[in-house]
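Colleague: structure for the following, please:
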Amino acid sequence: MALSRDDARARALLASAWQARVHVSIPSVVLAETVRGTAKDAPVNQIIKAIGEVISVGEVTGRVAGGLLGAAKSSETIDAVVVAIAIEAGGCVIVTGDPDDVCPLADGHPEVVIQPM
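Modeller: Below you'll find the predicted structure:
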């Protein structure tokens, strides 16, 4: 998560989303990939507190993600879960630093827009 590295582009994007009153959420698997239980987690913790929503993953999301992995012949599990959450939500914009990993997973789902960071 670019915000954990104090990425200026990510902070600007998040600020713009807040100003536009766009709903922002973070999947729990992204949180797991980002935090390490140390003081270095402070920027992530601040963002989570400000956003206020971390999405948990259940069986249905896991099955959708597995199907995406199979269809894309990918091993990017966390990215697949993020895309599955977007599909289940009826679509959204996924901001990512790894568009080459995420785009194949969203193929065939025009309601999911991939925005490179």
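Colleague: those helices in this structure, which residues are they?
Modeller: Per DSSP state H, the chain carries helices over the ranges 8-19, 28-34, 42-51, 59-72, 77-88, 99-106.
Colleague: residue closest to the middle of this structure?
Modeller: V82 (5.0 Å; Cα atoms, centre = their mean).
Colleague: coming back round to it: let me know which of the helices of the chain is tucked in deepest.
Modeller: helix 77-88 (a mean of 23; mean count of other Cβ atoms under 10 Å). Every C-beta, even on glycine, is put in place using the N, C-alpha and C of the backbone.
Colleague: for it, which outside residues touch it?
Modeller: 27, 29-30, 33, 55, 57, 60-62, 64-66, 68-69, 72, 74, 92, 94, 96, 98, 101-102, 105-106, 109, 111-112 (Cβ atoms under 8 Å, 6 or more residues apart in numbering).
Colleague: ok and the worst-scoring helix or strand of the chain on mean pLDDT relative to helix 42-51, angle-wise?
Modeller: Across the helices and strands of the chain, mean confidence by mean pLDDT, DSSP states H and E is lowest for helix 8-19: a mean of 83. Helix 8-19 runs at 10 degrees relative to helix 42-51, counting by axes from the mean of the first three to the mean of the last three Cα atoms, to 10 degrees.
Colleague: using CSV, write down the CA coordinates of helix 8-19.
Modeller: Output of helix 8-19 as CSV, limited to C-alpha atoms (Å, rounded to 0.1, in the frame of the first residue of the first chain):
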residue,chain,number,x,y,z
ALA,A,8,2.8,11.7,-2.1
ARG,A,9,0.8,10.6,-5.1
ALA,A,10,-1.2,8.2,-3.0
ARG,A,11,-1.8,10.9,-0.3
ALA,A,12,-3.0,13.4,-3.0
LEU,A,13,-5.3,10.8,-4.5
LEU,A,14,-6.8,9.9,-1.1
ALA,A,15,-7.3,13.6,-0.3
SER,A,16,-9.1,14.1,-3.6
ALA,A,17,-11.3,11.2,-2.9
TRP,A,18,-12.2,12.6,0.5
GLN,A,19,-13.0,16.0,-1.0
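Colleague: cheers, nothing more for now.
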